[in-house]
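**Student:** compute the structure for the input listed below.
(chains A and B)
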Amino acid sequence: SQQGEEDPQALSIQEGENATMNCSYKTSINNLQWYRQNSGRGLVHLILIRSNEREKHSGRLRVTLDTSKKSSSLLITASRAADTASYFCATDEGSGANSKLTFGKGITLSVRP
Amino acid sequence: DTGVSQDPRHKITKRGQNVTFRCDPISEHNRLYWYRQTLGQGPEFLTYFQNEAQLEKSRLLSDRFSAERPKGSFSTLEIQRTEQGDSAMYLCASSLSAGAGDQPQHFGDGTRLSIL
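**Tutor:** Just a heads-up that it's a prediction; the model follows:
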């Protein structure tokens, strides 16, 4: 079963614009992670935010977490054509950290040059 | 830096045949995970290991599926009597254990299985 639900399902923007993707989940979590996947490849880890954190930055990425609303957002600033990919949020909800991840269905991001 | 490697990258087989996939994790990682991903969906958890111990199995892992990690290093996933519905990408990932704090999982490029 999939816990996270990303929104929107697809996003198309112009290079240089910002992209905002949202994720909602249902149960309590240890942490929430965002991954990127290029077509036919494995997933690449982008950023991890712990349940006691509210915001985290990594380069052009900004992630927020609102545990009261059970939601997270990923902001990619100054997007590039190379950011074109599918993006997934995943929740670590096991009794200890680093157990299984539960993924959403993903968001397809297209960045037009 | 050697990442997670999976072999083969692609496997085409006839319905009813057995298939086996291999995953080599990052060497210092003691946790190893298997996921299955179908087209247009996110990965779904199948099972994971801490060293050689299999800690959790999903209900998706029917009795036709078996995973092993005999020496706590590489892992194999075997599917017996394959069915059309087994067609998917099988992804392996590895990480450090919970004692290291919250850790990301590092994924291989997967094995794409096609059942004819």
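**Student:** which parts of chain B sit against chain A?
**Tutor:** Applying CB under 8 Å from any CB of the partner chain, one finds that chain B approaches chain A through B:4, B:31, B:33, B:35, B:40-45, B:48, B:55-56, B:58, B:91, B:93, B:95-98, B:100-110, B:112. For every residue, glycine as well, the C-beta is placed using N, CA and C.
**Student:** buried ones among the residues you listed?
**Tutor:** Buried members of these, scored by 16 or more other CB atoms under 10 Å in any protein chain shown, are B:4, B:31, B:33, B:35, B:41-45, B:48, B:56, B:58, B:91, B:93, B:95-98, B:102-110, B:112.
**Student:** check the residue of chain B found nearest chain A and give its pLDDT.
**Tutor:** With CB to the nearest CB as the measure, residue B:42 is the residue of chain B nearest to chain A, at 3.3 Å. On pLDDT, residue B:42 comes in at 94.
**Student:** that one reaches residue A:105, doesn't it?
**Tutor:** Yes. With contact defined as CB atoms under 8 Å, residue B:42 counts as touching residue A:105 (5.3 Å).
**Student:** quick one: contacts for residue A:67?
**Tutor:** Residue A:67 sits next to A:28-29, A:51 when contact means CB atoms under 8 Å, 6 or more residues apart in numbering or on different chains.
**Student:** tell me the buried residues within the residues you listed.
**Tutor:** When the contacts of residue A:67 are checked for burial by 16+ other CB under 10 Å, the buried set is A:29, A:51.
**Student:** from the contacts of residue A:67, which is closest to residue B:62?
**Tutor:** residue A:29 (27.8 Å; CB to CB).
**Student:** need the contact list for that closest one.
**Tutor:** A:51, A:67, A:91-93.
**Student:** those into JSON lines, with extra columns for secondary structure and pLDDT?
**Tutor:** Output for those, formatted as JSON lines (DSSP: H, G, I helix; E, B strand; the rest coil; pLDDT from 0 to 100):
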{"residue": "A:51", "secondary structure": "coil", "pLDDT": "93"}
{"residue": "A:67", "secondary structure": "coil", "pLDDT": "95"}
{"residue": "A:91", "secondary structure": "strand", "pLDDT": "94"}
{"residue": "A:92", "secondary structure": "strand", "pLDDT": "90"}
{"residue": "A:93", "secondary structure": "coil", "pLDDT": "84"}
